[in-house]
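Need a 3D model of the sequence below.
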Amino acid sequence: MKLCIPTIGTEGLAAAVSEHFGSAPCFTIYDTDLNSVNIIENKNINHSHGACQPLRALSGQDIDAVVCGGMGARALINLNQGGIRAYLGQKGTVQEIVTAFAEGNLPELTPANACSQHGCHE
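Numbers count the residues shown, from 1 in each chain. The predicted structure is shown next:
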């Protein structure tokens, strides 16, 4: 399974998790089967609310789930339509998020708990 975790930096498993999906500087892709990390730069970091296109950066990555601190409903719906589930994991490092995910400790993100504006989960 491939998890996409929005991150502030490029430190792999030690990278700090970004608070919001579309505004993250990077996306760290963790493959649970191979125990490997791939880092992708988010070239659409500066955008108005509702206008982010992070899925373009992730095109071709075949991710199964996104774990993030928050995401707008439109991005969530687009992910879900592509067969990708999203989970809430707000703080820590990629390693901490991977561990929490493996233990089943992350709630699923739904339209009811999606963000309605930038800064909604700070």
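
Please tell me I have it right and Ile29 contacts Gln61.
Yes. Here Ile29 reaches Gln61: they are 5.7 Å apart, a contact under Cβ atoms under 8 Å. Every residue, glycine included, has its C-beta placed from N, CA and C.

hey, what's in contact with both of these two?
Common contacts of Ile29 and Gln61, defined by Cβ atoms under 8 Å, 6 or more residues apart in numbering, comprise Lys2, Cys4, Asn38, Ile40.

who wins for neighbours among these?
Tallying neighbours with other Cβ atoms under 10 Å puts Cys4 at the head of the shared contacts of Ile29 and Gln61, with 27 neighbours.

picking that back up, among Ile29 and Gln61, which residue is more densely surrounded?
For the pair Ile29 and Gln61, the greater number of neighbours falls to Ile29 (19 against 14), based on other Cβ under 10 Å.

For that one, which non-adjacent residue is spatially closest?
With sequence-adjacent residues excluded and distances taken as Cβ to Cβ, 6 or more residues apart in numbering, Ile29 is closest to Asn38, at 4.3 Å.

which secondary structure elements does the helix or strand containing that neighbour contact?
In this structure, Asn38 is located in strand 36-41 according to DSSP states H and E. In this structure, strand 36-41 makes packing contacts with strand 26-31, judged by 3 or more Cβ pairs under 8 Å, 6 or more residues apart in numbering; DSSP states H and E.

Alright, I will stop here.
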